[in-house]
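**Student:** What follows is a predicted protein model with its sequence.
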Amino acid sequence: AQKVTQAQTEISVVEKEDVTLDCVYETRDTTYYLFWYKQPPSGELVFLIRRNSFDEQNEISGRYSWNFQKSTSSFNFTITASQVVDSAVYFCALSEANFGNEKLTFGTGTRLTIIP
Amino acid sequence: KAGVTQTPRYLIKTRGQQVTLSCSPISGHRSVSWYQQTPGQGLQFLFEYFSETQRNKGNFPGRFSGRQFSNSRSEMNVSTLELGDSALYLCASSFGSETQYFGPGTRLLVL
């Protein structure tokens, strides 16, 4: 069975600080996908990134960066120079990479509050 | 390209009633998945449809059902509503096994 753990329930940081959201996953699959989604107060889940289990390269997109470490089953997300607009609930998710079985297993989410 | 749309956005029902929620996927996407989000259980997978066939189903009672039409639009139905069915219902679409893109959700309140 798949499982995603986001141990940080809530995080508050002052604007312009860096913040890292942790994600630890469990799966027996050798091929899988990892995701991060952002959920603002409106409720819609906004896709941020998808990572294939074979690709352990870190990725940077503007102020966002992701650190994927298969050895520790972690896929952490860092926001650099945080802004108030980054305030939201962030979800880490996992899916199998088998066609026809791509259901997402989500973590419980981390509520991030950026204090102006 | 227009995103995933869901109707209605808000809904109030009473126990015992039934409800139908609608989801229109991104143009060209053939897979539609449904998720339930509650404060207690978090985000849980309901079911997924591809080319009008249910391919996957989560651990929900038979009161929860869905279908997909030939234009990939999908509906989910909940019969005999219970208080615990109050939730945000999210629909997501994808092109085959690609990334799932979510709609704004339908907030259902059961009184």
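**Tutor:** Looks like it arrived, so ask away.
**Student:** Any regions of the chain where pLDDT drops low?
**Tutor:** Using chain A here. A:99-101 (pLDDT under 70).
**Student:** my bad, the chain I had in mind was chain B
**Tutor:** For chain B, the ranges with pLDDT under 70 are B:1, B:97.
**Student:** Show me the helices in chain A, by range?
**Tutor:** Assignment of helices within chain A using DSSP state H yields no ranges at all.
**Student:** got the residues of it near chain B?
**Tutor:** A:35, A:37, A:42-47, A:50, A:91, A:97-109 (C-beta under 8 Å from any C-beta of the partner chain). C-beta coordinates here come from the backbone N, C-alpha and C atoms, glycine included.
**Student:** Cross these against strands and list the overlap.
**Tutor:** Among these, the ones falling in strands (DSSP state E) are A:35, A:37, A:46-47, A:50, A:91, A:105-106.
**Student:** Would you show me how to pick out the buried ones of those residues in PyMOL?
**Tutor:** To isolate in PyMOL the members of those that are buried, counting by 16 or more other C-beta atoms under 10 Å in any protein chain shown, one can use:
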select buried, chain A and resi 35+37+91+105+106
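**Student:** Please report phi then psi for the residue nearest to residue B:59 when sequence neighbours are not counted.
**Tutor:** Among residues not flanking residue B:59 along the chain, residue B:44 sits closest, at 7.9 Å (C-beta to C-beta, 6 or more residues apart in numbering or on different chains). Backbone torsions for residue B:44, taken as degrees, to the nearest 10, come to phi -130, psi 140.
**Student:** Can you get me a residue count around residue B:40?
**Tutor:** If you count neighbours by other C-beta atoms under 10 Å in any protein chain shown, residue B:40 ends up with 6.
**Student:** now it, what's its secondary structure?
**Tutor:** coil (DSSP: H, G, I helix; E, B strand; the rest coil).
**Student:** In the chain, mark out all the strands, start to finish.
**Tutor:** With no chain named, the answer covers chain A. A:3-5, A:10-14, A:19-21, A:24-26, A:32-39, A:46-52, A:59-61, A:64-69, A:74-79, A:88-96, A:105-106, A:110-115.
**Student:** think we crossed wires, I meant chain B
**Tutor:** B:5-7, B:10-13, B:19-24, B:31-38, B:42-50, B:53-57, B:64-68, B:74-78, B:87-94, B:101-102, B:106-110.
**Student:** With respect to residue A:71, which of these lies nearest?
**Tutor:** strand B:42-50 (27.0 Å; C-beta to C-beta).
**Student:** just checking, what packs against the closest one?
**Tutor:** strand A:105-106, strand B:31-38, strand B:53-57, strand B:64-68, strand B:74-78 (3 or more C-beta pairs under 8 Å, 6 or more residues apart in numbering or on different chains; DSSP states H and E).
**Student:** Would you convert the strands of chain B into CSV that also reports mean neighbour count?
**Tutor:** Formatted as CSV, those follow (neighbours: other C-beta atoms under 10 Å in any protein chain shown):
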stretch, mean neighbour count
strand B:5-7, 17
strand B:10-13, 13
strand B:19-24, 19
strand B:31-38, 23
strand B:42-50, 21
strand B:53-57, 14
strand B:64-68, 19
strand B:74-78, 21
strand B:87-94, 24
strand B:101-102, 22
strand B:106-110, 18
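**Student:** Thank you, goodbye.
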